[in-house]
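A.B. asks: how would this look folded up:
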Amino acid sequence: MAALDRQGQTLLAFLVARLDRVVPGEPQTYIGYKEAHDALNLELLGPTYGESLKPQGLLSLANWIVAEQKPAITGIIVDQTTFTPGMGYFSPYGRTEDDFTWWSEQVGLSKGFDWRPYLSEAGSPADGSARPRANQPHTTGPIEVRAENDWNQPEVQYGFEDWMRRRDLSNSSVLKYAGALNGVLTDWAKENSIISGSLTDITNPNQFRWVAEQIKQLPIFLERNSTGHTMYSNALARYAEYLDDQSSSDGIEQDIDAIMTSEDLSPTEKAALVKARMGQGSFRKKLIDYWKGCSVTAFPRIDLLVASHIKPWKASNNFERLDVFNGLLLLPNLDRAFELGYISFNEKGMIIISPTLGHPELIGIDSAMRLNVVPAHHKYLDYHRTWKFKKDSRLNSKS
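C.D. replies: A predicted model of the protein is given here:
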């Protein structure tokens, strides 16, 4: 086994202690170079915090990870302006710096890996903050995601039940789905060390989908879901839809606040990003110039079209937020279906319709629709298919 020096051990312990707050594929939840530098009380040894971290544990940890073939946990350290790691993160593995799928997979593997055998008391920060939790479960296969938020659980449950009723689900279905989510589904997840709290503690849609996929692989789930006429998979799918609705309805204001309070952006950059977030300004103009009409139907009335990001705003760095190839110009029905993951597009531009979208023809969506894509679109569409597209089995609209 290759030796990891003291600085590498300290950095590893720090990163492991921060994994709970990290959501794979959402780099705004990752750790900034400056944050890591300051938390470890390091001396500034270079022109940037990233360069300074390299000789103070980052390089030794990265080399040890490659030699020992461990998950590339250093990918949770990112530049807070671009929300990406440096090229040095990708190159040892023969990956290009835009291989975001591999990067997200490595972050997910890092969350599920048992790092405890590789941590030492000598390698932990003086305040103990980076020491592993004593009750951290050991998981070698399923990805461990722990709930971390300040939502009040009874309020979340009431909100979820109310959301289902407003979609015309019967009262018995509402009670069954909510009961399953807080009952046996939570119990199965906890018993198998997937989460430590309740499923309704999770309020991030992507994080919930990671957890749901692990639950759906459990033998007891497969058995009970089959005999229960897919009631348990329906409950998971409904809660995922609920979280999608919640995150899409209140995220714009928060994103704009984050832009305006950033100390890393000039006034001009702030103005461009705010307009892009609101679907206005240069981003929308670039999409109009590129697509000339609806990206899917070619409908020409620009005033009826919505400027939409392929890779969501929250998961994109500032370059991607303004990149014309990360955008579509869509009719409102297509925009909403795409945003919520009911449709996506393959590398050839053909539409993919989620089995959870019952009767797509009623909202003007059919399987012959397509985009005219170029290679520059591929990485963004790949992200959308991986992280946003709903792959769950078909639901009855009234079930």
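
A.B. asks: any chance you could map the strands in this protein?
C.D. replies: Counting by DSSP state E, residue ranges of the strands within the chain are 31-32, 77-78, 306-309, 327-330, 343-345, 351-353.

A.B. asks: mean pLDDT, distance to Asp187 and mean neighbour count added to these, as CSV?
C.D. replies: Yep, even glycine has a C-beta here, placed from its N, CA and C like the rest. What follows is the strands of the chain, written out as CSV (pLDDT from 0 to 100; distance: least, CB to CB, whole Å; neighbours: other CB atoms under 10 Å):
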stretch, mean pLDDT, distance to Asp187, mean neighbour count
strand 31-32, 88, 32, 18
strand 77-78, 90, 35, 24
strand 306-309, 88, 38, 22
strand 327-330, 94, 41, 25
strand 343-345, 96, 33, 23
strand 351-353, 96, 34, 18
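
A.B. asks: okay, now the domains of the protein?
C.D. replies: Residue ranges for the domains of the chain, per automatic domain parsing: 6-123, 153-243, 275-387.

A.B. asks: what's the distance between the second one and the middle of its chain?
C.D. replies: Here domain 153-243 shows a centroid-to-chain-centroid distance of 19 Å under the convention CA atoms, centre = their mean, to the nearest Å.

A.B. asks: with stretch 41-54 instead?
C.D. replies: A distance of 28 Å separates the centroid of the chain from that of stretch 41-54, by CA atoms, centre = their mean.

A.B. asks: got a list of contacts for that stretch?
C.D. replies: Leu11, Gly32, Tyr33, Lys34, Ala36, His37, Pro55, Gln56, Ile77, Asp79, Gly86, Gly88 (CB atoms under 8 Å, 6 or more residues apart in numbering).

A.B. asks: write the ChimeraX selection for whichever of these are buried.
C.D. replies: Typed into ChimeraX, the next command selects the buried ones out of the contacts of stretch 41-54 (criterion: 16 or more other CB atoms under 10 Å):
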select :11,32,33,34,36,37,56,77,79,86
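
A.B. asks: gap between stretch 302-309 and the chain center?
C.D. replies: For stretch 302-309, the distance to the chain centre is 24 Å (CA atoms, centre = their mean).

A.B. asks: dump the C-alpha coordinates for stretch 262-275 into CSV.
C.D. replies: Below are the C-alpha coordinates for stretch 262-275, written out as CSV (Å, rounded to 0.1, in the frame of the first residue of the first chain):
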residue,chain,number,x,y,z
SER,A,262,-20.8,37.4,-5.2
GLU,A,263,-17.4,39.1,-4.6
ASP,A,264,-15.8,37.3,-7.6
LEU,A,265,-17.9,38.9,-10.3
SER,A,266,-17.8,42.4,-11.9
PRO,A,267,-21.0,44.5,-12.2
THR,A,268,-21.0,43.7,-15.9
GLU,A,269,-20.7,39.9,-15.3
LYS,A,270,-23.5,40.1,-12.6
ALA,A,271,-25.8,41.9,-15.0
ALA,A,272,-25.2,39.3,-17.8
LEU,A,273,-25.8,36.4,-15.4
VAL,A,274,-28.9,37.8,-13.8
LYS,A,275,-30.5,38.3,-17.3
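
A.B. asks: quick one: buried residues of that stretch?
C.D. replies: Neighbour counts using 16+ other CB under 10 Å place Leu265, Ala272, Leu273, Val274, Lys275 of stretch 262-275 among the buried residues.

A.B. asks: tell me which of these fall in helices.
C.D. replies: Residues from the buried residues of stretch 262-275 lying in helices, with DSSP state H as the criterion: Ala272, Leu273, Val274, Lys275.

A.B. asks: may I see those organised as TSV, with distance to Ser308 added?
C.D. replies: Supplementary listing: those in TSV, determined by distance: CB to CB, whole Å:
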residue	distance to Ser308
Ala272	17
Leu273	16
Val274	16
Lys275	14
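
A.B. asks: and which of these is nearest Arg6?
C.D. replies: Leu273 (40.7 Å; CB to CB).

A.B. asks: in the stretch 201-350 of the chain, where is pLDDT below threshold?
C.D. replies: Residue ranges of the stretch 201-350 of the chain with pLDDT under 70: 245-258, 276-281.

A.B. asks: please apply the same query to the stretch 1-150 of the chain.
C.D. replies: Confidence mapping of the stretch 1-150 of the chain against pLDDT under 70 gives the ranges 1-2, 81, 87, 120-150.

A.B. asks: using PDB, write out the CA atom coordinates for stretch 45-53.
C.D. replies: In PDB, the C-alpha atoms belonging to stretch 45-53 read as follows (Å, rounded to 0.1, in the frame of the first residue of the first chain):
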ATOM      1  CA  LEU A  45       2.300  29.500  -0.900                       C
ATOM      2  CA  GLY A  46       1.300  30.400  -4.400                       C
ATOM      3  CA  PRO A  47      -0.600  33.000  -6.500                       C
ATOM      4  CA  THR A  48      -3.900  31.200  -6.000                       C
ATOM      5  CA  TYR A  49      -5.400  29.000  -3.300                       C
ATOM      6  CA  GLY A  50      -5.500  26.100  -5.700                       C
ATOM      7  CA  GLU A  51      -1.800  26.300  -6.400                       C
ATOM      8  CA  SER A  52      -1.100  26.800  -2.700                       C
ATOM      9  CA  LEU A  53      -3.000  23.600  -1.900                       C
END
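
A.B. asks: Throw the domains of the chain into TSV and include distance to Met260, thanks.
C.D. replies: Rendered in TSV, the data for the domains of the chain read as follows (distance: least, CB to CB, whole Å):
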stretch	distance to Met260
domain 6-123	15
domain 153-243	23
domain 275-387	11
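
A.B. asks: select, out of those domains, the one closest to Ile259.
C.D. replies: Nearest of these to Ile259, taken as CB to CB: domain 275-387 at 7.0 Å.

A.B. asks: start to end distance for the closest one?
C.D. replies: From its first residue to its last, domain 275-387 covers 25 Å (CA to CA, to the nearest Å).

A.B. asks: ok, now stretch 265-284?
C.D. replies: Distances were taken as CA to CA; on that basis the terminal residues of stretch 265-284 are 20 Å apart.
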